[in-house]
Every structure is written in structure tokens, then in C-alpha cells.
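**Q** A predicted structure for the sequence below; I have some questions about it.
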Amino acid sequence: MSPLIILRNEETSVVNDANEDGSSEVPGDLLMVLGASGGPKIITAVLQVFINFALNSMPLYESVSHPRLHDQLTYHGTAATTYEKDQLLQGPTIEVTQRTKSALSSRGHRLIPVDYTGTVQVVSVDLETGRLTAVSDIRKYGVPAGY
């Protein structure tokens, strides 16, 4: 597990609408908390979810379920970039787009499809309402799992 705690800028700590108790401040400076399992893929999985949500403005669920890439110095003894291609038991296939794969190939990346790129769990605070939203990765059936 790799917890990452993202705090918001002081300028964004006040919400526009009042909370149920009448206050307009969100408790604390918390924006989101992310964690993952997946060995060496933890850092890239967490980073990609954060980028999807905070920089690409994807909704939280889509940020977590979006296909991922992983680049490691060596993967099974060879320099390669792995990309996600996985048929989930609950139906959908998660796969990086052909456009992304072509762009990486044209830059000299050797691509290898893999069926697992880490599993991310995340909780975020809505900056406008102060409400919490939690998402469990569909790669583990959309439910938290532990030992």
C-alpha cells in the first residue's frame, strides 16, 4: 500500500455554499487520499489517477478506471513500456488507446501488453460542496480488499 495525501492550496479552502451546519469551510485542507497495491506499479498507478483527476479534470471514477501505462527500467529482463490490456471478469475490457500506443512506438518504446497495472483506492473532497467521494478500483471488482 502506498498512501498519498494531497492537500489543497489555502486559496481553495473555502467552499461557495454553506455546509449543513451553516459553515462555509471544508474541515482541514484535504483534497484527496490515494493508495494502491501492485508492487513496482504502485507509483505510476497512483500518479496517473492523480493526473487524470486533478490535471485532466476527469471524474473520480473515470480517473481510477482509465487504462494505464507503466515504464520500468527492465520488465522481465528487457527494457519495455507495459500497457494495460485486460478483459475484466465483470465484462469490460480496459486497454490503452491505439493512438497512445502509436505515439509511444514512434518514440522508440517497446510495448508489452499486461493484464495488471496496479489497483488504486481513492477518496476526494469536492471543493465546492465539501462532500467526500470514494472509488474502489474496478480491477478488484470495485470493492476494497485486504488481508
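**A** Thanks, I have the structure now.
**Q** lowest-confidence helix or strand of the protein?
**A** Least confident element among the helices and strands of the chain, by mean pLDDT, DSSP states H and E: strand 69-75 (a mean of 84).
**Q** Show me what that one is in contact with.
**A** Defining contact as Cβ atoms under 8 Å, 6 or more residues apart in numbering, one finds that strand 69-75 is touched by 40-41, 44-45, 48, 79-84, 96, 100, 104, 109, 112, 114, 117-118. All C-beta atoms are positioned from the backbone trio N, CA, C, and that covers glycine.
**Q** which of these are buried?
**A** 41, 44-45, 48, 80-84, 96, 104, 109, 114, 117-118 (16 or more other Cβ atoms under 10 Å).
**Q** May I have the strands that pair with the least confident helix or strand of the chain, each with its orientation?
**A** Note on strand 69-75: by DSSP bridges, its sheet partners are strand 78-87 (antiparallel).
**Q** on that earlier part again, return the closest of the buried ones among the contacts of strand 69-75 with respect to residue 31.
**A** residue 48 (16.8 Å; Cβ to Cβ).
**Q** Look at the closest one and give its secondary structure.
**A** helix (DSSP: H, G, I helix; E, B strand; the rest coil).
**Q** Let me know the pLDDT of the residue nearest to it when sequence neighbours are not counted.
**A** Distances taken as Cβ to Cβ, 6 or more residues apart in numbering place residue 68 nearest to residue 48, at 5.1 Å, with adjacent residues excluded. On pLDDT, residue 68 comes in at 95.
**Q** In this structure residue 68 contacts residue 115, no?
**A** No: between residue 68 and residue 115 there is no contact under Cβ atoms under 8 Å: 11.6 Å.
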